[in-house]
Every structure is written in structure tokens, then in C-alpha cells.
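Peer 1: sequence below, structure please.
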Amino acid sequence: MNKNVNQLLAVVGAVCSTGANALAACPPQGWTMTWADEFNGSALDTTKWTALNIAWPYNDERQYYTPSAVTVANGKLTITSRRQNMGGRQYTSGRLETGGKFSQAFGRFEVRAKLPKTQGIWPAHWLLPASNAWPPEIDIMEFLGHDVDTVYFTNHWGTAASPQHQTSQFNGPDFSAGFHNYAVEWFPDRMDFFVDGVKHATHTSNVPQSPFFIILNTAVGGFWPGYPDATTVFPQLHEVEWVRVHRRLINESFELAPPAFATAHGWTRFGNAFVEPVQARTGSRSGKLFGQFTGSENFS
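Peer 2: Residues are numbered from 1 along each chain as shown. From the prediction side, this is the model:
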């Protein structure tokens with residue numbers, strides 16, 4: 001384990017042992033941190049993130065994404081959405097992503113954030129493939145500013161010409177009134193979605209298998225949220241205390257079935273190792289390692 005990962009684990013250990021939200025901030029036992037940003041500096045860490053500078057052309061959104069809308073101070077990242085003319089758009093906002101800097105297949109991706117609100121405001125925490133192809137897409141959390149007690153979790157698949165998706169929602173407190181933890185635990189066979197450490201949805205259809213990168217943004221307007229009107233209040237702040245990514249051993253109980261039991265899903269087989277579907281010690285199958293020790297050219 002390298003020095004940087006050890007430092008990240010130490011930070012998480014401190015959070016997990018203290019604080020009112022300690023339980024929600026800690027991943028379940030068995031997870032190991034692989035990447036994090038605690039936003040403790042005074043500027044965006046550009047070794048981890050890229051802040052976009054573009055008039056976003058999709059979903060009929062009305063914002064111009066400018067790096068000036070993304071700031072870091074007082075232990076928080078803030079994306080500020082304003083009524084401001086820029087690049088031919090009436091509104092400015094921010095989008096940052098780890099594309100080309102960090103991506104991971106499977107794991108626990110978690111964001112602690114306080115969300116912006118009012119009509120036409122559309123914050124999201126989501127994942128896209130490192131290949132930049134779309135779909136697939138994993139939405140850890142989406143929120144429509146006019147409906148402050150509902151968050152959405154979505155898996156997208158199919159093709160750009162014929163996209164498909166599965167969406168679940170959770171109705172809870174006013175998510176714009178305080179900080180909450182939003183997470184997905186992504187496995188080869190499913191995605192589990194959490195708010196404040198409590199699972200609210202599981203998706204099993206068309207689970208992606210390739211590395212994805214992280215995106216945080218606030219859109220203004222669009223087909224789904226609708227558009228700002230006389231009730232919309234600017235500026236709006238999307239505040240993020242941290243982003244953390246963990247990994248765990250995939251298929252640790254060998255219960256994910258490989259084709260014809262030739263090997264174990266998620267494992268690389270060497271020598272005399274295979275999945276035992278008949279004499280499993282627990283569950284329906286186990287991993288089996290064996291050797292032959294005859295006194296000459298033993299193998300295992």
C-alpha cells in the first residue's frame with residue numbers, strides 16, 4: 001500500500017471515529033480507499049479534477065459551464081449557479097470531472113453534499129465510462145430543485161440512438177437544508193444506492209463492467225427539471241464536503257458463477273485452482289486450491 005493511500009485511510013479513520021455523522025461517513029467493513037478529495041485547500045486540485053469551460057449542448061440545458069463557478073474554501077467545494085450572461089447563455093454554473101485522471105470499475109463511490117434548490121436547478125453526482133462513450137452512465141444522485149425531498153438513482157444502458165434506463169427514487173428530508181451522504185456500491189452483478197448509509201435501491205439490469213470516472217455538476221434548465229422562472233432564486237450553491245472512492249475484493253465468497261465453473265468471476269486463475277460447485281463449504285460454491293506432493297516435481 002503506498003503512502004498516499006495510507007494517508008487517505010488515516011483521514012477516514014479520524015472521520016469515522018468522531019462526529020455526529022460518523023456512521024454514515026464510514027464505508028462498511030471490508031472496503032479499502034483508493035481515491036478521495038477532502039477539499040481542504042484553497043483551490044481546486046487540478047491533478048484530480050478538470051473544471052469544464054463550455055456551453056453545454058445537451059438536454060436543452062441553459063447554463064454555460066465556467067471554471068470560475070467552481071471554488072474551494074473552508075473545507076468545501078462549491079459550485080455556484082448564477083443568472084449571468086456568458087458564451088451566449090443566460091446562466092453560468094460549474095461542472096468538474098476526473099476524466100483522464102481517475103477512473104475505476106466497481107467499488108463504492110460516495111459524495112457528501114448540500115444541494116441547491118428552486119425551479120430549474122438540477123444538481124447531480126454521476127459516473128461515465130473512461131472511454132467517454134454514452135451510454136452507459138451511473139447516476140449516484142440527481143435532484144430537481146423544485147422537489148426538495150426527492151433524490152433519484154439511475155442506471156443508463158443501450159445505445160445513443162436507443163438509450164434505456166432504470167430509475168429509482170427516495171423521498172426523505174429537505175436535501176437542500178443540510179449535508180447528506182450519497183453513495184453507490186457497484187458490483188459486477190448489481191448496483192446498490194444509499195443515502196446516509198441506508199440502502200434505498202438495487203439495480204441488476206445491464207450492470208456496466210468497465211472503469212468509470214466521476215462528475216459533479218449543477219445544470220440550469222433542461223427537459224427533465226424544466227426551466228428557471230419567477231420563483232427561481234440565484235445564486236444557488238451546490239456544496240460538497242468530500243468525495244471518496246473505495247474498492248473491495250470482488251466475489252470474495254465465489255458466489256458469482258463463472259461460465260461452466262471454469263474459473264471464479266473477478267479472479268485470475270493460476271495452476272490448480274477452480275470453482276467448486278458441488279462440495280462448497282458455505283453457500284452454493286467455493287474456490288478450491290489443491291496440490292500433488294509425490295516427492296518429485298511437486299505441483300500445486
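Peer 1: SS state for the residue nearest the centre of the chain?
Peer 2: Centre of the chain computed as the mean C-alpha position; nearest residue by CA atoms, centre = their mean is residue 109, 3.8 Å away. The three-state label given to residue 109 by DSSP: H, G, I helix; E, B strand; the rest coil is strand.
Peer 1: wouldn't it be in contact with residue 186 here?
Peer 2: Yes: because the distance of 7.0 Å satisfies CB atoms under 8 Å, residue 109 is recorded as touching residue 186. All C-beta spots, glycine's among them, are computed from the backbone N, C-alpha and C.
Peer 1: and the closest residue to residue 41 other than its chain neighbours, how far is that from residue 38?
Peer 2: Counting by CB to CB, 6 or more residues apart in numbering, the nearest residue to residue 41 once its immediate chain neighbours are dropped is residue 72, at 5.8 Å. Residue 72 is 10 Å from residue 38, where distance means CB to CB, to the nearest Å.
Peer 1: likewise for residue 111?
Peer 2: 12 Å.
Peer 1: what sits in contact with each of the two?
Peer 2: Common neighbours of residue 111 and residue 38 are listed as residue 242 (criterion: CB atoms under 8 Å, 6 or more residues apart in numbering).
Peer 1: coming back round to it: tell me which element the residue nearest to residue 41 is part of?
Peer 2: strand 70-73 (DSSP states H and E).
Peer 1: strands paired with that strand, and their directions?
Peer 2: strand 76-86 (antiparallel) (DSSP bridges).
Peer 1: quick one: buried residues of the partner strand?
Peer 2: 76-82, 84, 86 (16 or more other CB atoms under 10 Å).
Peer 1: just the CA coordinates of the following helix or strand past that strand, formatted as CSV?
Peer 2: Following strand 76-86 in sequence order, the next helix or strand is strand 89-93 (DSSP H and E). Only the C-alpha atoms of strand 89-93 are listed here, as CSV (Å, rounded to 0.1, in the frame of the first residue of the first chain):
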residue,chain,number,x,y,z
ARG,A,89,-26.2,31.6,-22.3
GLN,A,90,-28.2,33.4,-19.7
TYR,A,91,-26.8,31.4,-16.8
THR,A,92,-23.5,30.2,-15.5
SER,A,93,-22.7,27.1,-13.4
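Peer 1: now strand 89-93, how far from the centre of its chain.
Peer 2: 26 Å (CA atoms, centre = their mean, to the nearest Å).
Peer 1: and stretch 182-194, end to end?
Peer 2: Separation of the first and last residues of stretch 182-194 by CA to CA, to the nearest Å is 6 Å.
Peer 1: dig out what residue 167 forms beta bridges with.
Peer 2: The residues paired with residue 167 through beta bridges, assigned by DSSP bridges, are residue 154.
Peer 1: what's the mean pLDDT across the helix or strand encompassing residue 186?
Peer 2: With elements delineated by DSSP H and E, residue 186 resides in strand 180-187, which encompasses its position. The pLDDT scores in strand 180-187 average 97.
Peer 1: contact partners of that strand?
Peer 2: Counting contacts by CB under 8 Å, 6+ apart, the residues outside strand 180-187 that touch it are 21, 24-25, 106-114, 125, 127, 138, 140-141, 151, 153, 173, 191-197, 207-208, 250.
Peer 1: and those residues, which of them are buried?
Peer 2: By neighbour count, with 16+ other CB under 10 Å, these hold 21, 24-25, 106-114, 125, 127, 138, 140-141, 151, 153, 191-196, 207-208, 250 as buried.
Peer 1: got the contact list for the closest residue to residue 135 other than its chain neighbours?
Peer 2: In this structure, residue 135 finds its nearest non-sequential neighbour in residue 156, 4.3 Å apart by CB to CB, 6+ apart. Residue 156 makes contact with 134-139, 163-165, according to CB under 8 Å, 6+ apart.
Peer 1: cool, and residue 75?
Peer 2: Here residue 75 is in contact with 38-40, 241 (criterion: CB under 8 Å, 6+ apart).
Peer 1: for the residue nearest to residue 135, give its distance to residue 136.
Peer 2: Distance, residue 156 to residue 136, by CB to CB: 6 Å.
Peer 1: now do the contacts for residue 65.
Peer 2: Taking CB under 8 Å, 6+ apart as the definition of contact, the neighbours of residue 65 are 51-56, 92-95, 217.
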